[in-house]
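Colleague: Starting from these lines, generate the structure:
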Amino acid sequence: MTETQRITKAVIPAAGLGTRFLPATKAMPKEMLPVVDKPAIQYVVAEAAKAGLSDVLMITGRSKRALEDHFDRVPSLEKVLADKGDDEKLRLIQEATELGEIHYVRQGDPRGLGHAVLRAKRHVGDDPFAVLLGDDLIDERDELLSEMIRVQQETGGSVIALMEVDPSQVGSYGCADVTPVDGQDYVKVNRLVEKPKPEEAPSNLAVIGRYVLHPSVFEVLERTEPGRGDEVQLTDALQELASSEEIGGGVHAVVFRGRRYDTGDKLSYIQAVISLASERHDIGDRLVPWLKEFVADLDR
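Modeller: Numbering: from 1, shown residues only. This next block holds a predicted model:
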């Protein structure tokens, strides 16, 4: 891989309305819902930064100004904390602003994930790039994005992340038909189906919100007709890329077996808060005993 192809850019679609969390998201972006004491979106940007992606483009929409404010400097607050000698809180608020160079563009018409990714074409240019969905929180102790980047550099095509789900749940995801690659820990994607009926699903391998894409995806998205929900589906574009290696080098996948939380789902969001809080040195020692006592009381 040449230096001009080195992956440094991440695209984070964040234009959704967050209707599953109403009324909390009536006036606040769903991406700003706190997971312990950081908004969910900060974990995603931090994941990109950890993988070496220092140039982040967020695809936003109306009422998303809080995202820009969160990653911006607040000199007056920083001065107050510095004057008080509160170095820990000062470090925490500066953490978000130091994750990388963050840019913003509005999606405009809400025409689906594929359309949101297409809005990044001018910023990304002709190099491979990563897409991280803001609803998917990957535990920082588990490697995924860096592994996907490695596979993209080996194969030269596009790479998606898959995760095994209960067969009854496949209708909530895009699902993949895959073939093992001899001697490798990744698989080749033959076919993708968006939200199939369980009996029609090619497997129980569900597409989760991490992608490392060849720039040819933009050409395909530009001619992709609206599909399910009258939206431009990224899955449809990836299906075309998977079916012809002449366009963008095909599609491969990393099967993720780590910890993932869907912060757009109420139950998974609560599980994320509890799980991450339990691991925190400042509150975990008090939270875990309380949780054990709470659960024991439920069983009585």
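Colleague: where does the protein have low pLDDT?
Modeller: For the chain, the stretches with pLDDT under 70 are 1-5, 245-248.
Colleague: the strands in it, which residues?
Modeller: Taking DSSP state E as the criterion, the chain carries its strands at 9-13, 34-35, 38-39, 55-60, 101-106, 129-132, 136-138, 158-164, 174-180, 187-194, 205-213, 251-255, 260-262.
Colleague: just the angle between the first one and strand 205-213, please?
Modeller: An angle of 130 degrees separates the directions of strand 9-13 and strand 205-213 when computed by axes from the mean of the first three to the mean of the last three CA atoms, to 10 degrees.
Colleague: Run the angle between strand 9-13 and strand 55-60 for me.
Modeller: Using the same axes, to 10 degrees: strand 9-13 against strand 55-60 is 10 degrees.
Colleague: again with the longest one
Modeller: Between the axes of strand 205-213 and strand 55-60, defined by the same axes, to 10 degrees, the angle is 120 degrees.
Colleague: and Asp262, how far is that from Val255?
Modeller: 18 Å (CB to CB, to the nearest Å). Backbone N, C-alpha and C define where each C-beta goes, glycine included.
Colleague: rewinding a little: mind putting the strands of the chain into TSV with distance to Arg119 and mean neighbour count?
Modeller: Output for the strands of the chain, formatted as TSV (distance: least, CB to CB, whole Å; neighbours: other CB atoms under 10 Å):
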stretch	distance to Arg119	mean neighbour count
strand 9-13	9	26
strand 34-35	26	14
strand 38-39	22	20
strand 55-60	5	23
strand 101-106	6	15
strand 129-132	12	26
strand 136-138	19	23
strand 158-164	18	23
strand 174-180	20	20
strand 187-194	20	20
strand 205-213	14	24
strand 251-255	21	23
strand 260-262	23	20
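Colleague: For Leu113, find the nearest of these.
Modeller: strand 9-13 (6.1 Å; CB to CB).
Colleague: contacting residues around Ile59?
Modeller: Val11, Ile12, Pro13, Ala14, Ala15, Val105, Arg106, Gln107, Ala116, Val117, Arg119, Ala120 (CB atoms under 8 Å, 6 or more residues apart in numbering).
Colleague: For the nearest residue to Ile283 once chain neighbours are set aside, give me its contacts.
Modeller: Take Ile283 and drop its neighbours on the chain: the residue closest to it by CB to CB, 6 or more residues apart in numbering is Ala277, 5.8 Å away. Contacts for Ala277 (CB under 8 Å, 6+ apart) come out as Val36, Ile283, Gly284, Leu287.
Colleague: change it to 10 Å
Modeller: Ala277 makes contact with Val35, Val36, Asp37, Ile283, Gly284, Arg286, Leu287, Val288, Leu291 under the criterion CB atoms under 10 Å, 6 or more residues apart in numbering.
Colleague: cool, Gln107 as well?
Modeller: Counted by CB under 10 Å, 6+ apart, Gln107 has contacts 13-16, 59-62, 64, 113, 115-119.
Colleague: could you redo the last one with a cut-off of 7 Å?
Modeller: Ala15, Ile59, Gly61, His115, Ala116, Arg119 (CB atoms under 7 Å, 6 or more residues apart in numbering).
Colleague: hey, what's the second one bridged with?
Modeller: Yep, that's Ile59 we're talking about. Beta-bridge partners recorded for Ile59 (DSSP bridges): Pro13, Val105.
Colleague: so Val165 touches Val207, yeah?
Modeller: No. In this structure, Val165 is not within contact of Val207 by CB atoms under 7 Å, at 10.2 Å.
Colleague: residues shared between the contacts of these two?
Modeller: Tyr173.
Colleague: which helix of this structure spans the most residues?
Modeller: For the chain, the helix with the greatest residue count under DSSP state H is helix 284-299.
Colleague: which helices and strands sit right next to it?
Modeller: Here helix 284-299 touches helix 266-279, going by 3 or more CB pairs under 7 Å, 6 or more residues apart in numbering; DSSP states H and E.
Colleague: What angle do helix 284-299 and the helix it packs on make with each other?
Modeller: Going by the same axes, to 10 degrees, helix 266-279 makes 130 degrees with helix 284-299.
Colleague: For helix 266-279, buried residues please.
Modeller: Ser268, Tyr269, Ala272, Val273, Leu276, Ala277 (16 or more other CB atoms under 10 Å).
Colleague: so Ala272 makes contact with Val35?
Modeller: Yes. The pair Ala272 / Val35 is scored as a contact, 5.4 Å apart, by CB under 7 Å.
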